[in-house]
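[1] here is my input; please provide its structure:
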Amino acid sequence: QVQLVESGGGLVQAGGSLRLSCVASEPTFSSRALAWFRQAPGKEHEFVATIRSTGIGKHYDDSVRGRFTISRDNAKSTGYLQMNNLRPEDTGVYYCATASDYGGLSWTDFDSRGQGTQVTVSS
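    Sure thing, here's the model as predicted:
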């Protein structure tokens with residue numbers, strides 16, 4: 001199972017930007033789809049974005065499309081989530097996760113998950 005470690009979270013004002021990173025410990029990272037999820041207090045895990053193993057093929061939730069960009073560097077076994085024009089409703093713990101390339105987009109479809117990094121957006 002791939003081990004994943006997120007970083008880059010923090011406190012930012014509305015309209016600001018953050019870049020999250022996700023470092024994988026196993027070489028199988030390059031053959032797996034990568035996704036970012038988030039969880040606000042008292043809520044379920046919410047899909048944010050996904051990218052296929054080759055880096056071609058990205059999908060975003062409507063709430064972040066045009067503001068967030070998912071990317072990956074397989075040579076570094078690292079995934080990224082660039083978040084621009086942040087809003088208070090983007091606040092939550094952000095998790096990266098991996099799965100086979102042609103699975104679903106729900107939290108339970110991703111069998112390798114990190115511990116999360118907190119993102120707080122103040123108004």
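
[2] so who does residue 119 touch?
    9-10, 12, 18, 20, 38, 83, 86, 90-94 (C-beta atoms under 8 Å, 6 or more residues apart in numbering). In this view, the C-beta of every residue, glycine as well, is placed from N, C-alpha and C.

[3] most surrounded residue in those residues?
    With neighbours set by other C-beta atoms under 10 Å, the maximum within the contacts of residue 119 is found at residue 83, which has 26 neighbours.

[4] quick check: phi and psi at residue 53.
    Per-residue torsions, residue 53: phi -60, psi -40 (degrees, to the nearest 10).

[5] make that residue 67, sorry
    phi -110, psi -30.

[6] could you check how far it is from residue 37?
    16 Å (C-beta to C-beta, to the nearest Å).

[7] measure the residue most central in space within the chain to residue 123 for me?
    Residue closest to the average C-alpha location in the chain (C-alpha atoms, centre = their mean): residue 36, at 2.2 Å. Distance, residue 36 to residue 123, by C-beta to C-beta: 23 Å.

[8] please apply the same query to residue 73.
    Separation of residue 73 from residue 123 (C-beta to C-beta) stands at 33 Å.

[9] and residue 116, what does it touch?
    Counting by C-beta under 8 Å, 6+ apart, the residues that residue 116 touches are 6, 39, 93-95.

[10] who does residue 82 form a beta bridge with?
    Residue 82 has these beta-bridge partners by DSSP bridges: residue 19, residue 69.

[11] okay but it is in contact with residue 71, surely?
    Yes: using C-beta atoms under 8 Å, residue 82 is in contact with residue 71, at 7.2 Å.
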